[in-house]
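Enquirer: with the input below, show me the fold.
(one chain, ligands or ions: 1)
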Amino acid sequence: MTIPEDNEDDINLYEVAELKQYTIDEINDILKVIVPGLYPSWRTNQLEVVQQIINSNKKYIGIQAPPGFGKSGSAIGELIASGGRGITVTQTKQLGDQYYRDFYQLGLQTVKGRGNFSCTIIPDKTAADAPCVAGMKCLFKRGGCEYYDQKRQAVDSKLVSMNIHYFLNEANYSGEFSDVDTIFIDEAQKLDSSMLSFIEVRLNYSRFSDEGKPIPKDLSINSLKEWSDSTIGTIKSELDQVLEELEQNPQNEILTVRGIRLKAAYNSLLRFEIVDETWIIEQEENNVILKPTLVGKYMEKFLFQHAKRIIFMSATLPRSIIEGFNVVDYEYINLPSTFDPEKRPVIWIPAANLAQSAKDPGVELKRLTLTVDALLNRYPDQKGIIHTVNYKIANHLMENSENTNRLRTHINAKERAEVLRDFSSNQLDNNVLVSPSFTEGVDLPYDLCRFQLICKIPYDSLANKQIKARMEIDSQWYATNAIVTMVQAYGRAMRAEDDSGITYILDSSLMNLIKRWRPVFDQVSYFLDALWIQESNPGQPSKLTSFAEFQQKNYKVNSRN
Ligand code: SF4
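Expert: Okay, the predicted model is just below:
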């Protein structure tokens, strides 16, 4: 491989990848030239993954890389080595921040949202509440606006990181990031729900009433489509008029607020173009929300068409998740865990049945609480997490556990960050987090979390109409989501090669779930490799049996390896 001496930036391996298969040494040489000193020591398999992606002729690649693999290192290494224009897209802010911290020295640019910058025209407003959001043309976009200045740097960069909501908005509306070589979608297990919230149509009752176009009482798809057709023209001409006035008087805050509201209303009505009979209608106090039952068919239009190559990555990425994006022809890389299973055991104690169908939920909650207390007493000096899946179980434990002095919880999503911050600030106490929402995006290494209890299989709530409708069409999707969330929660216990942590699953239905969806579990086999069953027989001390031994004794299951 010859590197052009004075213009390394022009290397784009994709343009020649079909002609050549690169060796590890060649890729290493390329990286040494482009970013000398990068990656002094690769972790196990990281460089092999870079090679596999570069040499693949598939547009879509799925990578399942268990915790500790260092998938962000492979992603950035691949983007630098291939030399094209690349974007890493994250689903959560925490991971986006981590990408920037780890790789800004290698030239990774990040784009922050409008809310982080002041507007030059109305300095006491952020760029998120500025007149340009309504569509007003502003000369400062070309220079002198903090938000657009940093965005321009990212647009000009070949290596950028941003969150999925920002990417979808930019690629589909401004078109700035819509022609890239590669998009790495990290935390891809959450892509489906990110896309759902991007394409849903949210209609605010008072907004349309104020414009003399109230939302009809008949909330059927046909009636809403007719109403949308007859409303969009009015909203557009009101918006045009406000924009005209704003251009004369750009500091007018009242006009700005009205313009932004009209623009949001107009965008919602434009989205009716893709609404069809299969969409679900939900009502909130102030809004009507339309959501598609299946999200996969919109991936091409809103996401995949914006890049030559799409790489999905996650610690838990069974094939059915990728196929749920309507992707058929793809390469699948399933990496083994490098963490010793003995340092990350997961123990099933069938303590309680907390399914909605349980005959006596009160008795089941009592059983759960007794087991939780027994386990908390087993770790009197250590910190841990209790994953409750819902607030009902969290509240029950807070009110009935004999260890409430150790338990720390939050009553809503807003308090969550504060509770986590307090919890993380002290390694030495024996506090235990009790929460339905710490299954993902939480990094509590070493003494910050030595044990975890998963009270219930984390199925999505069927009170959500969209989830219920989709489950009725695709029960595998529903089960896969629960499995992925459970395995993600399991991944909180051990965060590094020299870390260790034990996880207990207390839901009595775990083994039925494994039997029913064994092919999905086989794709996250690092979970099964560490699974033990605590069997207790009357009058005898309980004993642990490995999953391999347990299934030989109890089940004939068809596994797909
Ligand atoms: S482009 Fe103009 S209106 Fe928009 S945030 Fe910047 S200065 Fe404000």
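
Enquirer: so R408 sits against D422, correct?
Expert: Yes. Counting by C-beta atoms under 8 Å, R408 does reach D422; the two are 7.1 Å apart. Heads up, the C-betas are built off the backbone N, CA and C, glycines and all.

Enquirer: looking at those two, which has the bigger crowd around it?
Expert: R408 (17 against 12; other C-beta atoms under 10 Å).

Enquirer: what helix or strand does the one residue in the stretch 151-300 of the chain that gets nearest to the ligand sit in?
Expert: Nearest residue of the stretch 151-300 of the chain to the ligand, counting by C-beta to the nearest ligand atom: P250, 6.9 Å away. Taking DSSP states H and E as the definition, P250 sits outside all helices and strands.

Enquirer: and this structure, what are its domains?
Expert: 13-108+157-196+296-334, 201-291, 341-554 (automatic domain parsing).

Enquirer: quick check: residues of the stretch 151-300 of the chain near the ligand?
Expert: Residues of the stretch 151-300 of the chain found near the ligand (C-beta under 6 Å from any ligand atom): none.

Enquirer: could you pull out the helices for the stretch 151-300 of the chain?
Expert: 164-169, 191-199, 205-210, 221-248, 253-270, 299-302 (DSSP state H, counting those that start in this stretch).

Enquirer: who are the packing partners of the second one?
Expert: Under the contact criterion of 3 or more C-beta pairs under 8 Å, 6 or more residues apart in numbering; DSSP states H and E, helix 191-199 touches helix 164-169, helix 299-302.

Enquirer: any chance of those in CSV, plus mean neighbour count and mean pLDDT?
Expert: CSV is the format used below for these (neighbours: other C-beta atoms under 10 Å; pLDDT from 0 to 100):
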stretch, mean neighbour count, mean pLDDT
helix 164-169, 20, 94
helix 299-302, 15, 97
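
Enquirer: how about those helices in JSON lines, adding distance to T388?
Expert: Formatted as JSON lines, the helices and strands packed on helix 191-199 follow (distance: least, C-beta to C-beta, whole Å):
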{"stretch": "helix 164-169", "distance to T388": "27"}
{"stretch": "helix 299-302", "distance to T388": "32"}
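
Enquirer: still on that earlier bit, among the domains of the chain, which is nearest C132?
Expert: domain 201-291 (9.0 Å; C-beta to C-beta).

Enquirer: pLDDT weak spots in the chain?
Expert: Applying pLDDT under 70 to the chain flags residues 1-19, 38-40, 537-540, 555-561.

Enquirer: point me to the residue of the stretch 301-450 of the chain nearest the ligand.
Expert: H306 (23.5 Å).

Enquirer: from L531, how far off is that residue?
Expert: 40 Å (C-beta to C-beta, to the nearest Å).

Enquirer: of the two, who's got more company?
Expert: L531 (24 against 21).

Enquirer: return the residues in contact with P380.
Expert: By C-beta atoms under 8 Å, 6 or more residues apart in numbering, the contact list for P380 reads N430.

Enquirer: go on, P292?
Expert: If you count contacts by C-beta under 8 Å, 6+ apart, then P292 has L196, I199, E200, I274, V275, T278, W279, I280, Y298, Q466 around it.

Enquirer: kindly recompute the last result at 10 Å.
Expert: 195-196, 199-201, 274-276, 278-280, 298, 466, 469-470 (C-beta atoms under 10 Å, 6 or more residues apart in numbering).

Enquirer: near the ligand, which residues of this structure?
Expert: So far as C-beta under 6 Å from any ligand atom goes, the chain lies against the ligand at 119-121, 127, 130-132, 138, 140-141, 145, 147-148.

Enquirer: picking up where we left off before, can you pick the most crowded of the contacts of P292?
Expert: R470 leads those on contacts (other C-beta under 10 Å) with 24 neighbours.

Enquirer: angles on the backbone of the closest residue in space to that residue that isn't next to it in sequence, please.
Expert: Closest residue to R470 apart from its sequence neighbours, by C-beta to C-beta, 6 or more residues apart in numbering: T293 at 5.3 Å. Note on T293: its backbone torsions stand at phi -70, psi -50 [degrees, to the nearest 10].

Enquirer: with V327 instead?
Expert: Torsion angles, degrees, to the nearest 10, at V327: phi -100, psi 130.

Enquirer: re earlier: ok, which of the helices of the stretch 151-300 of the chain comes nearest S509?
Expert: Using C-beta to C-beta, the nearest of the helices of the stretch 151-300 of the chain to S509 is helix 191-199, at 23.6 Å.
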